[in-house]
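>>> build me a model from this:
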Amino acid sequence: MLLCGILLAFFDARGQQAAGAHAALIEIDGAIGPATAGYFEKASRQAVANGASVIVLRIDTPGGLDGATRDIIRTILNSPVPVIGYVAPGGARAASAGTYILYACHIAAMAPATHLGAATPVPIGGRAFPLGDEEPKPGSDEKKDGEDARPPARGDAMENKILGDAVAYIRGLAERRGRNADWAERAVREGISASSREALELKVVDLISADTTALLRQANGRSVLLADGERTLATTGLPLRPYAPDWRMRFLSVLTNPAVAYFLILAGIYGLLLEGYNPGAVLPGVLGAICLLLGLFAFQLLPVNYVGFALLLLGVVLIIAESLVPSFGVLGFGGIAAFVFGSILLLDIDVPGYRTHLGIVAGVATVAVLAMAGTAYLAMRSRRAAVVTGEAALRRAVLVIDTFAEGGGWARLDGERWRVRADEPLAPGDRVRVTRMDGLTLWVEKDSA
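Sure, this is the predicted structure:
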């Protein structure tokens, strides 16, 4: 406890020394989920507490979940210090959800050879919204009296609601920051993208910067609108201090990796299955329960297709049933088929950053097929094996008489003593065979071999 106290005091002292004017560097790298939103909120709060004058949010993301994206944007809009969104390094992107976040930032910047856009929302379930360049239905483009000239709605009512909400959301962000709202709407409705140079020419972003040093130099003197009013940036010469995610956020990021969550569910199911086959083994049951709970928690944070999840569970149940019911492989291979289809559908393949890796699915399915084939081989081989238990095995066995008198006595078989009866006189040491069983009494006769 004393050692822990000293270490805490040491790190607290380091934190005290770290306080002062600086530019905080926070990174969004990869798919955006609840762990990302939690990390950004905590890091930005810590940066403000440490005296950060500005937050540099470096972005490289294919997109992510709507709820987590809105949480990040809410934090940016209510931030007491300016947030500079920076798509970097070269080759990075702020696609889909990243475009919304970049529009929300007080200053939007990009490194050369980066891009943004493709902000059309994708519903869980895999059906994409119709884009603006699709052919309208016959007669749908006819303008009636009193109607405006906006494009006709396509798709069902729910899709139009979600699409309209996304358009209004990004236009609101664009208007608040004085950026190109029409291009933002096209990025949502038509899924268009733009390079860094195009984005600057279209007034989608404010700056193109080669690195963070140039970014802070270019941002110096600019006026931005915060929640409490306007502020002029003084960023020249500010030290850049990174705020890395803590162990909890890193753990959640690993946990919400689709491959990890998938294997946790499988480990949980098979762990409980092994415990059921071997009651009292304890270890498979404990590890299986822990993995299953962690997997279910991860799926709660992921864009899960519940039809795929149901098919996955059905496949596991059928594979288990094959080992209990003699279906000659019908249940087993049907279970593998359901398992494969469920795995493919499990994590929505159209949500950026959350695609199921088909190589993992193929590997698990191959192992299941081999296990099923091995089980079938062992079952067929067991049909040719000699019976070693029950009355059939006793009828093939040869017993040795221990004692015998007045038609009954005792005989030995593989270390066991059996009560025997016979219609003929027997002597100790005689070898006998079973003719029939009467409860736990064996009727025997002399072995003629």
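
>>> rest of the way, CA atoms for contacts and neighbours
OK.

>>> D246 - nearest residue in space that isn't next to it in sequence?
Y39 (8.0 Å; C-alpha to C-alpha, 6 or more residues apart in numbering).

>>> quick one: the one you found and W247 touch, right?
No. Assessed by C-alpha atoms under 8 Å, Y39 is found out of contact with W247, at 10.5 Å.

>>> now F263: which helix or strand?
helix 258-277 (DSSP states H and E).

>>> err, V286, not the other one
Element membership for V286, per DSSP H and E: helix 283-300.

>>> identify each buried residue in that helix, please.
Neighbour counts using 16 or more other C-alpha atoms under 10 Å place 284-285, 287-292, 294-296, 298-299 of helix 283-300 among the buried residues.

>>> could you look up the SS state of the residue nearest to D246?
What DSSP: H, G, I helix; E, B strand; the rest coil gives for Y39 is helix.

>>> low-confidence stretches in the chain?
Filtered on pLDDT under 70, the chain yields the residue ranges 1-19, 123-156, 277, 299-306, 322-324, 326-329, 346-358, 386-389, 449.

>>> change it to 50
6, 9-18, 125-150, 152-153 (pLDDT under 50).

>>> just give me the residue right at the centre of this structure.
The chain has P258 as the residue nearest its centroid, 2.7 Å off, counting by C-alpha atoms, centre = their mean.

>>> how far away is that residue from R417?
60 Å (C-alpha to C-alpha, to the nearest Å).

>>> show me which of Y39 and W247 is the more surrounded one.
More crowded of Y39 and W247, by other C-alpha atoms under 10 Å: Y39, with 24 against 9.

>>> can you pull the contacts of the more buried one?
P245, D246, M249 (C-alpha atoms under 8 Å, 6 or more residues apart in numbering).

>>> which SS class is the first one?
This points to P245. Applying three-state DSSP: P245 is coil.

>>> could you report the neighbour count for it?
Neighbours of P245 (other C-alpha under 10 Å): 19.

>>> give me the nearest residue to it, chain neighbours excluded.
Closest to P245 by C-alpha to C-alpha, 6+ apart is Y39, at 6.0 Å.

>>> before we move on, back to that, I'd like the distance between the residue nearest to the centre of the chain and I265.
11 Å.

>>> hmm, G335 and V316 touching each other?
Yes. In this structure V316 lies within contact range of G335 using C-alpha under 8 Å: 6.3 Å.

>>> neighbour-wise, which of these two wins?
More crowded of V316 and G335, by other C-alpha under 10 Å: G335, with 25 against 21.

>>> if I pick that one, what's in contact with it?
L314, G315, V316, V317, L318, I319.

>>> cool, Y100 as well?
Y100 neighbours (C-alpha under 8 Å, 6+ apart): T69, I73, A119, I170, L173.

>>> where does it fall, secondary structure wise?
helix 97-104.

>>> check G335 too.
Going by DSSP H and E, G335 is part of helix 330-346.

>>> quick check: buried residues in the next helix or strand after that helix?
Where DSSP H and E defines the elements, the next helix or strand beyond helix 330-346 is helix 358-384. Neighbour-count burial for helix 358-384 flags V361, V364, A365, A368, V369, M372, A376 (criterion: 16+ other C-alpha under 10 Å).
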